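1. Sharing a model prediction with you, sequence too.
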Amino acid sequence: MIGAGGVGGWGCARQHGGVSDAFEGLARLLAGGGVVVLSGAGLSTESGIPDYRGPSGAARRHTPMTFQAFTRDPLARRRYWARSHLGWRTIARAAPNDGHRAVARLQRAGLLDGIITQNVDGLHTAAGATGVIELHGRLDEVTCLDCGNLTGRDELHRRLTEANPGFDARVARVNPDGDVDLPDEAVAGFRVVDCGVCGGGMLKPDVVFFGETVPAPRVADCFALVEGARAVLVLGSSLTVMSGRRFVLRAAKRGIAVAIVNQGVTRGDGYATVRLDAPLGATLTALAAGFAEPAPV
């Protein structure tokens, strides 16, 4: 429910009338409950994980791994695992930020019917959110493409470290997919390990690569959530790829309100009832502060 001060009681900076109006419109939308969150990479930037595009909407210089290259080209697969092995150290240390914690608080306040995330970092769950649909999977899990066995990424990291003693490199930055940029000569001697259960199966992070399709049941669950929602709240996504934008399109087609909080333009702006260009951590924290959580039992 709304705090004692009502919508006008939120302690949000009101330096510009447009920002104030958008913030209060967002608060009113949340106050009605029945909201489904759709989050993207912009929500995790304050945790040290870069997004795919800057605030300008321009794509960062990074070529993601495709499913076809990973499965068909041993050299591409070796390059991926070498780069991802080094990047995992940063991803594994990433902690939920204020935005993730605010979403979990809004869920505990009973305002959210569901959370769909395009992120693969697991930070919504780490912040205390429950029932999160991770559209593109999770980097902290590894699957065997032959036998289907699922293992934790820390176990694979240990095995790769043992198979490649002394393999290290100075890492300037981690890419949005959790890998790092390395020259080909730096990965030439890297050894990839196979599945430890079936003894030779190809291991792949349990995430959806470019060129790969999201499992149909997962997509159906997302559509069901959206179609049953009173409003869809997009957080930190440019909605550039159809994988996430389709849910906004479905909401708009059904006459369901769409609200967007993102730094920079998105491909869903034309469908938004409320649009706020602002830092997510501070904005969501201010929003969540206006709602009371249920008293602990």
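-> Received the coordinates, thanks. All figures in this text were calculated on a predicted structure; none of them were measured in a lab. Residues are numbered from 1 along each chain as shown.
2. could you point out where the stretch 101-250 of the chain is predicted with low confidence?
-> Across the stretch 101-250 of the chain, the ranges flagged by pLDDT under 70 are 169-173, 175-176.
3. residue boundaries of the strands in it?
-> Secondary structure of the stretch 101-250 of the chain (DSSP state E, counting those that start in this stretch): strands located at 112-117, 133-134, 137-144, 150-152, 203-207, 231-235.
4. Next, give phi and psi for residue 253.
-> Dihedral pair for residue 253: phi -60, psi -30, per degrees, to the nearest 10.
5. let me redo that: residue 34
-> Main-chain torsions, residue 34, degrees, to the nearest 10: phi 70, psi 30.
6. quick one on the thing from earlier: got JSON lines for the strands of the stretch 101-250 of the chain, with mean neighbour count too?
-> Every C-beta, even on glycine, is put in place using the N, C-alpha and C of the backbone. JSON lines is the format used below for these (neighbours: other CB atoms under 10 Å):
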{"stretch": "strand 112-117", "mean neighbour count": "24"}
{"stretch": "strand 133-134", "mean neighbour count": "18"}
{"stretch": "strand 137-144", "mean neighbour count": "20"}
{"stretch": "strand 150-152", "mean neighbour count": "13"}
{"stretch": "strand 203-207", "mean neighbour count": "21"}
{"stretch": "strand 231-235", "mean neighbour count": "26"}
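7. Of all those, which one is nearest residue 102?
-> Among the strands of the stretch 101-250 of the chain, the nearest to residue 102 by CB to CB is strand 231-235 (9.5 Å).
8. centroid residue for this structure?
-> For the chain, the residue nearest the mean C-alpha position is residue 119 (1.9 Å; CA atoms, centre = their mean).
9. Would you quantify the distance from the closest residue to that residue other than its chain neighbours to residue 117?
-> In space, and not counting its chain neighbours, residue 119 is closest to residue 44: 5.6 Å by CB to CB, 6 or more residues apart in numbering. Separation of residue 44 from residue 117 (CB to CB, to the nearest Å): 9 Å.
10. Over to residue 64?
-> 17 Å.
11. Helices of the stretch 101-250 of the chain, start to end?
-> Here the stretch 101-250 of the chain has its helices, by DSSP state H, counting those that start in this stretch, at 123-126, 153-163, 184-187, 216-227, 242-253.
12. can you pull the contacts of the residue nearest to the centre of the chain?
-> Counting by CB atoms under 8 Å, 6 or more residues apart in numbering, residue 119 makes contact with 39, 40, 41, 43, 44, 49, 134, 136.
13. Most neighbours of all these, which one?
-> Highest neighbour count within those: residue 43, with 32 neighbours (other CB atoms under 10 Å).
14. Apart from its chain neighbours, what residue comes closest to that residue?
-> Closest residue in space to residue 43, ignoring its immediate chain neighbours: residue 236 at 3.6 Å, by CB to CB, 6+ apart.
15. can you pull the contacts of that neighbour?
-> Residues counted as contacts of residue 236 (CB under 8 Å, 6+ apart) are 39-45, 51, 99, 261-263, 280.
16. let's go with 10 Å and repeat that
-> Residue 236 sits next to 38-46, 51, 99, 117-119, 260-264, 266, 279-281, 284 when contact means CB atoms under 10 Å, 6 or more residues apart in numbering.
17. for residue 117, same thing?
-> 37-41, 43-44, 100, 103, 123-125, 129, 132-136, 138, 235-237, 244.
18. So for the residue lying closest to residue 48 once chain neighbours are set aside, what's the pLDDT?
-> Computed as CB to CB, 6+ apart, the closest residue to residue 48 that is not its neighbour in sequence is residue 94, at 5.6 Å. pLDDT, residue 94: 93.
19. Could you count how many residues lie near residue 94?
-> Residue 94 has 18 neighbours, counted by other CB under 10 Å.
20. and it, backbone torsions?
-> For residue 94, the backbone dihedrals (degrees, to the nearest 10) come out as phi -60, psi 140.
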